[in-house]
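Participant: What would the 3D arrangement of this be:
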Amino acid sequence: MTSYTPAQCCVVGVKHEGEAKGEFKQIGDVDTYFSYPAHRSTKHAILILTDVIGHRFINSQLIADQFAANGYFVVMPDLFHGDPVKLNRPADFDLMAWLTGPPGHLPARVDPVVDSVLKEMRTNLNCEKIGAVGYCFGAKYVVRFLRPMGNKIDVGYVAHPSFVEADELSSISGPLSITAAETDSIFPAAKRYESEEILRKTTQPYQINLFSGVEHGFAVRADITKPVIRFAKEQAFLQAVHWFKQYL
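Facilitator: Have a look, this model is predicted:
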């Protein structure tokens, strides 16, 4: 495993203030947040796969709107069948029980959601190129679906990934960018080095940026009242924007 399973650090953080500009629609039975660019084109799209707090979290919606403001059509589905984790759960919250179930939130339940949303994007939504963004939990599924030859994802970006298996990472067939936190028990230095070695062997374009002074989850749930942390969060977002500009 190139990153460890989700832990308590995956469910804590700061709720941000702002007004979401997108709208909720259904893709089959999947509740989904849509955010459109000013030109309303859906040709260049981004699929956001969230952390365990889910797609109804205002922080995630504001990020989706930021990508839309940069010219992308954004789709952000509910990965958890209406059962996300609430922010800042007590320390005794059993995240592994939530993850493994029953009913659980493992690939057998999550893969079909991602697959169905991608099929809708490729067909009825007329998306010609799809980049994917994965935060923490969602990073695993960006890696699993980074298969452009199979009409999946063309380009990937992940921040503080969790739960990614070595064989999943070694099987990617498209460019992948990774944002990492200096303090992260789920994606520590040893796992970053392991991931770098695996990515080098894939021969795909890759990037790993490390930000000091921040912890796991900073790209979504950081305390942005602190200048160093706010800078890291904003730069992590720009890392994704520039990656997509280059490869999408």
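
Participant: does the residue lying closest to Ile208 once chain neighbours are set aside count as helix, strand or coil?
Facilitator: In this structure, Ile208 finds its nearest non-sequential neighbour in Ile178, 4.6 Å apart by C-beta to C-beta, 6 or more residues apart in numbering. Using the backbone N, CA and C atoms, a C-beta is placed for each residue, glycine as well. Here Ile178 is strand, with the state taken from DSSP: H, G, I helix; E, B strand; the rest coil.

Participant: Ile178: how many residues sit nearby?
Facilitator: The tally of other residues near Ile178 (other C-beta atoms under 10 Å) stands at 29.

Participant: Over to Ala68?
Facilitator: Neighbour count for Ala68, taken as other C-beta under 10 Å: 19.

Participant: quick one: it from Phe24, how far?
Facilitator: 14 Å (C-beta to C-beta, to the nearest Å).

Participant: Equivalent analysis for Asp92, please.
Facilitator: In this structure, Asp92 and Phe24 are 32 Å apart, going by C-beta to C-beta.

Participant: And for Val158?
Facilitator: 24 Å.

Participant: The two: which is more packed in?
Facilitator: The residue with more neighbours, out of Val158 and Phe24, is Val158; 29 against 14, by other C-beta under 10 Å.

Participant: Helices along the chain, start to end?
Facilitator: Ranges of helices within the chain are 58-69, 95-100, 107-122, 137-144, 166-170, 189-202, 218-221, 227-247, based on DSSP state H.

Participant: Dump these to a markdown table, plus mean pLDDT and distance to Val12.
Facilitator: Output for the helices of the chain, formatted as a markdown table (pLDDT from 0 to 100; distance: least, C-beta to C-beta, whole Å):
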| stretch | mean pLDDT | distance to Val12 |
| --- | --- | --- |
| helix 58-69 | 97 | 13 |
| helix 95-100 | 94 | 11 |
| helix 107-122 | 97 | 22 |
| helix 137-144 | 98 | 14 |
| helix 166-170 | 96 | 26 |
| helix 189-202 | 97 | 20 |
| helix 218-221 | 97 | 7 |
| helix 227-247 | 97 | 14 |
